[in-house]
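**Q** Build me a model:
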Amino acid sequence: MSYDEELAERVRDAVNEAAGDHASREIKMFGGLCWTVNTHMAVGCGDDDLMVHVGTDGIDDALARGARRATMGERTMGGVVLVSAADLPDDASLRAWVAPAVERAVARPPKPPKSPRPPGVSPG
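**A** Just a heads-up that it's a prediction; the model follows:
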């Protein structure tokens, strides 16, 4: 998966604006980009889509607004939708998706730091 550089720049600006003083982090993931705020995933971009964490309670509203369910392989990702970049023609339309996702991440308590694994120990 690749990502649209122009969309990524617009998302970066929208996340920084919405996050304000809250810590945000940009992470390369699966060939795309993901932004976390307050240690929680808020949005991402891959291919020509904005990936938005809306929560399971926000799925129906997001689908009614034109998003589609996000899938990874055969699995539907719970609480996450995709919005086509074509449906985000201006900054206001992008912020309408990004700001609530950032607010959702800010409202949750930060995740505790992961404890480091001893050398040579694999996960799982």
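**Q** Quick one: the strands in this protein, in order.
**A** Taking DSSP state E to define them, one finds strands in the chain at 24-29, 32-37, 40-46, 49-53, 68-72, 75-84.
**Q** how about TSV for the ones you listed, with mean pLDDT and distance to residue 106 added?
**A** Bear in mind the C-beta positions are built from the backbone N, C-alpha and C, glycine included. Formatted as TSV, the strands of the chain follow (pLDDT from 0 to 100; distance: least, CB to CB, whole Å):
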stretch	mean pLDDT	distance to residue 106
strand 24-29	93	10
strand 32-37	95	6
strand 40-46	95	8
strand 49-53	97	12
strand 68-72	92	21
strand 75-84	95	16
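**Q** now, of the ones you listed, which is deepest in the fold?
**A** With neighbours taken as mean count of other CB atoms under 10 Å, these reach their highest mean count in strand 49-53, at a mean of 26.
**Q** any chance of the strands of the chain in CSV, with distance to residue 5 too?
**A** What follows is the strands of the chain, written out as CSV (distance: least, CB to CB, whole Å):
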stretch, distance to residue 5
strand 24-29, 13
strand 32-37, 10
strand 40-46, 10
strand 49-53, 14
strand 68-72, 21
strand 75-84, 16
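**Q** any idea how far the residue nearest in space to the middle of the chain is from residue 49?
**A** Against the mean C-alpha coordinate of the chain, by CA atoms, centre = their mean, the closest residue is residue 43 at 1.5 Å. Note on residue 43: its distance to residue 49, by CB to CB, to the nearest Å, is 11 Å.
**Q** same check, this time on residue 66
**A** Using CB to CB, residue 66 is found at 12 Å from residue 49.
**Q** intersection of neighbour lists for those two?
**A** Common contact partners of residue 66 and residue 49 (CB atoms under 8 Å, 6 or more residues apart in numbering): 83-84.
**Q** Check what pLDDT the closest residue in space to residue 40 that isn't next to it in sequence gets.
**A** Spatially, and ignoring its direct neighbours in sequence, residue 40 is nearest to residue 105 (3.9 Å; CB to CB, 6 or more residues apart in numbering). The model reports residue 105 with a pLDDT of 97.
**Q** All set now, cheers.
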